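In: Take this sequence and fold it.
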Amino acid sequence: MKLLIAAVGKLKHGPEGDLVARYADRTVQIGRALALAPFDIHEISESKAKRAEDRKREEAAGLTELLVPGVLIALDETGKTLTSTEFSQQLARWRDDGTQTAQFVIGGPDGLDPALRERAVLTMSFGRMTLPHQLVRALLAEQIYRAATILAGHPYHREG
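Out: Numbering: from 1, shown residues only. Now for the predicted structure:
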C-alpha cells in the first residue's frame, strides 16, 4: 500500500523538513517487506484569498487534485485520537483489505474545508491543541514509521 501525505504549505529546509524526510526514508526501508511503500509527500501553496472560507475551499481543490484511488485520512484537531498501536492496526487493515493508497491530508493555517474533511474515512487528531502544519507533518511521518515498526515487530516502539 502506498503512503501519501498531501499538505497545504511548503515545508522549508530545516529541522521539521529533516525529520519528515528521515521518517519517510525509514518507513520505506522497513515498509517494503510489509507492503507499506512508497511514501510520498506532496505540497500545495497556501491560498492568498482574503476570506478563510475561500482559502479553505481553494486549498481543498488543490489537495483534491493530488489524490489518487485509496482511503482518505484527514488530520484535524477535532478528529479521533488513536494510540500508536491502534493506528498501526488500522493501517494494516487497509493494507490487508487491498487499499491502494493511504492518503493523509493536512490543511493550512485555517484548517481543512469541511467538504474535504467529510470525504475522509477517518479524521485523526494529535490532540486538541492547535499545531503548526509543519510540525504535524513531522509527527505524522514519525507515527507512520512507528506503525511500520510495530507491524514489523521492531523494538522502536515501546508500549507503555
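In: Which secondary structure state is assigned to F126?
Out: Assigned by DSSP: H, G, I helix; E, B strand; the rest coil, the conformation of F126 is coil.
In: same thing with the one 5 residues further on?
Out: The three-state label given to L131 by three-state DSSP is coil.
In: Let the chain start at 26 from now.
Out: Happy to do that; since the first residue is 26 now, the last one works out to L156.
In: what residues are up against it?
Out: Shown in contact with L156 (C-beta atoms under 8 Å, 6 or more residues apart in numbering): 102, 164. All C-beta spots, glycine's among them, are computed from the backbone N, C-alpha and C.
In: quick one: it from E102, how far?
Out: 8 Å (C-beta to C-beta, to the nearest Å).
In: How about Q114?
Out: Distance from Q114 to E102, by C-beta to C-beta: 23 Å.
In: How about A46?
Out: Distance of A46 to E102, given as C-beta to C-beta: 25 Å.
In: How about R82?
Out: 19 Å.
In: Can I get the longest strand seen in the chain as CSV, trimmed to CA atoms?
Out: As assigned by DSSP state E, the longest strand anywhere in the chain is strand 96-105. These are the backbone C-alpha positions of strand 96-105, laid out as CSV (Å, rounded to 0.1, in the frame of the first residue of the first chain):
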residue,chain,number,x,y,z
VAL,A,96,-8.5,5.8,1.6
LEU,A,97,-8.5,9.5,2.7
ILE,A,98,-7.5,10.4,6.2
ALA,A,99,-7.9,14.0,7.3
LEU,A,100,-5.8,15.5,10.1
ASP,A,101,-7.8,17.9,12.1
GLU,A,102,-7.9,18.9,15.8
THR,A,103,-11.5,17.7,16.1
GLY,A,104,-10.6,14.2,14.9
LYS,A,105,-10.2,11.0,16.7
